[in-house]
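sequence and predicted structure are below.
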Amino acid sequence: MSAKDQRSKVENQEKTFPVIFDKIACDFQRLPELGLDLLLSSQEVVDCHWTPPEVARVAAQMLVTKLGTRVLDIGSGSGEFCLIGALTTGGHFTGVEQRGHLVKVAVQRAQERGIREVQFISANITEISFRDYEAFYLFNPFQENLMPMLKIDSSVELSQALYEDYTRHVANELEEAPVGTRVVTYIGGYAAIPSCYEAQDQAFQGDLTLWVKH
Ligand SMILES: C[S@@+](CC[C@H](N)C(=O)[O-])C[C@H]1O[C@@H](n2cnc3c(N)ncnc32)[C@H](O)[C@@H]1O
């Protein structure tokens, strides 16, 4: 699929975002057969804002190309993606999250499970320089600014202007990143991917996309 076709496809997906969330909720029923349900309790993963474990595993594999690849999860929530990435690859995972109470949950999970190759930063993405990282993960972090019914809680300010600020920051930082930089998007977040990135791989019926800067 050409980069143009991919962008058109993902724009359509953004319009059907709530429907896709229903689909993710259904995927959780497959956790036992995937053998990943033991890491996070069903209560912990049942919230459709967090990456399902099997998706996190594949996304992390797409991003980590060598031992110690430094991966940043942009809006890390309660840590699902980073924890699973650190457990299943040789990469080092950092999550940045604006909701401090979610950062506490993520840190606690890492400590309880003795997961070392992971850290969580309590900050807004606009405070983070991407220069310290080699690969990036986005599970549509800013969408709740546009769709209030998707909001996680009322602890942060949400607005269209913030969506635009955050998206612009990510796009600018990714544009400055070196050739070969990898980004994986899961169901959206594509507005932050500059045109110098090309879709190189897909999984989960196109919900997961690997972009590489050329
Ligand atoms: C859809 S959740 C994804 C969580 C996690 N990456 C995962 O895949 O399981 C998006 C997260 O991004 C966070 N977020 C949204 N805007 C942010 C910002 N400007 N800076 C930091 N975190 C942000 C939200 O609080 C939320 O926890």
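Sure, I can see it.

C-alpha only now, for contacts and for neighbours.
Fine.

ok, Gln160 touching Met147?
No: applying CA atoms under 8 Å as the test, Gln160 and Met147 come out as separate, 9.3 Å apart.

contacts for the helix ranked longest in the chain, please.
Counting residues, the longest helix in the chain under DSSP state H turns out to be helix 160-176. When contacts are defined by CA atoms under 8 Å, 6 or more residues apart in numbering, helix 160-176 is touched by residues 125-126, 129-130, 142-143, 145-146, 191-194, 196.

closest to Arg182 among those?
Lowest distance from Arg182 to those (CA to CA) belongs to Ile193, with 10.7 Å.

can you tell me the closest non-neighbouring residue to the closest one?
Ala171 (5.8 Å; CA to CA, 6 or more residues apart in numbering).

next: Ala86.
Using CA to CA, 6+ apart and skipping residues adjacent in sequence, the residue nearest Ala86 is Glu117, 5.5 Å away.

and the one you found, how many residues sit next to it?
Using other CA atoms under 10 Å, Glu117 has 19 neighbouring residues.

ditto for Asp132
Quick note: Asp132 (other CA under 10 Å) scores 10 neighbours.

not counting sequence-adjacent ones, nearest residue to it?
That would be Arg70: by CA to CA, 6+ apart, it lies 7.7 Å from Asp132.

phi first, then psi, for that neighbour.
The phi/psi pair for Arg70 (degrees, to the nearest 10) reads phi -90, psi 110.

equivalent analysis for Arg182, please.
According to degrees, to the nearest 10, Arg182 has phi -110, psi 140.

contacts only, for it.
Per CA under 8 Å, 6+ apart, neighbours of Arg182: 63, 134-136, 210-213.

can you check Cys82 too?
73, 76, 93-95, 118.

any idea which element it lies in?
Taking DSSP states H and E as the definition, one finds Cys82 inside helix 80-88.

how far off centre is that helix?
11 Å (CA atoms, centre = their mean, to the nearest Å).
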